[in-house]
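Undergrad: predicted model and sequence below, questions to follow.
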Amino acid sequence: MVLADVMDYREAARRKLPRFLFDYIDGGAFAETTLRANISRLQAVQLRQRVLQGADAVSLAGTMLGRSVTMPVALGPVGMAGLNARRGEVQAAKAAEAAGVPFCLSTVGACTIEEVRAGVETPPWFQLYVTRDRGFMREMMARAAAAGCDTLFLTVDMPAPGPRYRDKRSGLSGGTPLQRQVSRVLQAVARPAWAWDVGLFGGPHTIGHVTSSLGSGTGIDAYWSWMASNFDASVTWADAEEIRSLWSGRMIIKGVLDLEDAEEAAKRGFDGLVVSNHGGRQLDGTHASIDALRPIAEAVGDRMTVLMDGGIRSGLDVLRALACGADGVLLGRAWVYGLAAGGQGGVAGVLDLIAAEMRIAMTLIGVETLDQLGPDLLIPIDREAARG
């Protein structure tokens, strides 16, 4: 099939993956209202089209968290991403490095920080969950530091898991252990390309870092059990500060939607935050990321780096987020669709597509550099309503 945009990569991923993996990537919590809103509210942001602005030397280059980048985009952390292609996180990290953008590895990726680091010249960023097992957290921070990671993303919006009904229906988490195993095997057999590339030759099929707690050979079911027992609803800002004291590099708070929480993160001296609702996978019916972004960026953007994720499906979406105050964005589903569709080449294709879309859109709105993007390029919603 022709892969013209990110949603084409999504369809290619759907065709290639067993249902339980595709639904895990693609799904959200409860009725998936916030998941859909992340996309629709972002696409509702309108930019002014300008003419005769002489924008013929467009540059996407800049910096993100002290790192020079070819565009203000990073591959964000996605759990189990490495099961979507053979040693998937390594392939994605290589694609990101070749494209000149950062890669952030999830604590619950299939590949370990050591495996990913061995595959690239540039150390990845690392994402850490707050778990009841503080010893596990300290171990992960030590391993990330040893791998040369200079930036830690502390995910704080998962004190309890949002109900993900697609995962129950697909056999990833619902039913008895036997029912789940039979369902997953049958789905894999129906996707021979994935079964050959990943199922037979892509092992070990584990959540790499979690094996340090569970032992080698642990699979998806053991991972779910471990996660369920380690969610920590008692975590506070004091805990986040204690974790910060153990890390010598930059620390970013990931999962902020409320202005008061953003102010707290800035007051406590964290280096940045990610405006995020966990891709619509936690509290359904809350803010779309783009709706939370602008007031947060206006309030704390002069004191810390403000990134955003949620709903980014095009280069135009990246520009919308930047115009609303983001310093950069994290891709989530978009890069995993590419990974599932074509491995490292698929991720590279998604990044090339987003860069090309950004350049064209910047020409059409009449700007050449990222520092020219701001709220003055937005069409006020009330103005459009008045015209309608």
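TA: Happy to help now that I have it. Numbering: from 1, shown residues only.

Undergrad: poorly predicted segments of the chain, please.
TA: Applying pLDDT under 70 to the chain picks out residues 212-219, 381-388.

Undergrad: for it, longest strand please?
TA: Ranked by residue count and defined by DSSP state E, the top strand of the chain is strand 250-256.

Undergrad: neighbouring contacts of stretch 155-169?
TA: 20, 23-24, 26-30, 77, 127-130, 173-175, 227-228, 231-235, 240, 253-257, 276-278, 281-284 (C-beta atoms under 8 Å, 6 or more residues apart in numbering). In this view, the C-beta of every residue, glycine as well, is placed from N, C-alpha and C.

Undergrad: go on, stretch 190-207?
TA: Outside stretch 190-207, the residues touching it (C-beta under 8 Å, 6+ apart) are 16-18, 21, 79-80, 83-88, 108-110, 188-189, 216-220, 223.

Undergrad: first vs last residue of it, how far apart are they?
TA: For stretch 190-207, the first-to-last residue distance is 24 Å (C-alpha to C-alpha, to the nearest Å).

Undergrad: tell me the secondary structure at the residue lying closest to Asp284 once chain neighbours are set aside.
TA: Among residues not flanking Asp284 along the chain, Phe30 sits closest, at 3.5 Å (C-beta to C-beta, 6 or more residues apart in numbering). Here Phe30 is recorded as coil under DSSP: H, G, I helix; E, B strand; the rest coil.

Undergrad: where do the strands sit along the chain?
TA: For the chain, strands defined by DSSP E occupy the ranges 62-64, 67-69, 73-75, 104-105, 125-129, 151-155, 250-256, 272-275, 305-308, 328-331.

Undergrad: quick revisit: going through the contacts of stretch 155-169, which ones are buried?
TA: 20, 23-24, 26-30, 77, 127-130, 173-174, 227, 231-232, 235, 240, 253-257, 276-278, 281-284 (16 or more other C-beta atoms under 10 Å).

Undergrad: in stretch 301-320, which residues are buried?
TA: Quick answer for stretch 301-320 (16+ other C-beta under 10 Å): 301, 303-320.

Undergrad: chain center to stretch 355-367, what's the gap?
TA: Relative to the chain's own centre, stretch 355-367 is displaced by 23 Å; criterion: C-alpha atoms, centre = their mean, to the nearest Å.

Undergrad: run through who's touching it.
TA: Contacts of stretch 355-367 (C-beta under 8 Å, 6+ apart): 47-51, 53, 55-56, 58, 60, 70-71, 99, 314-316, 318-319, 368, 373, 377.
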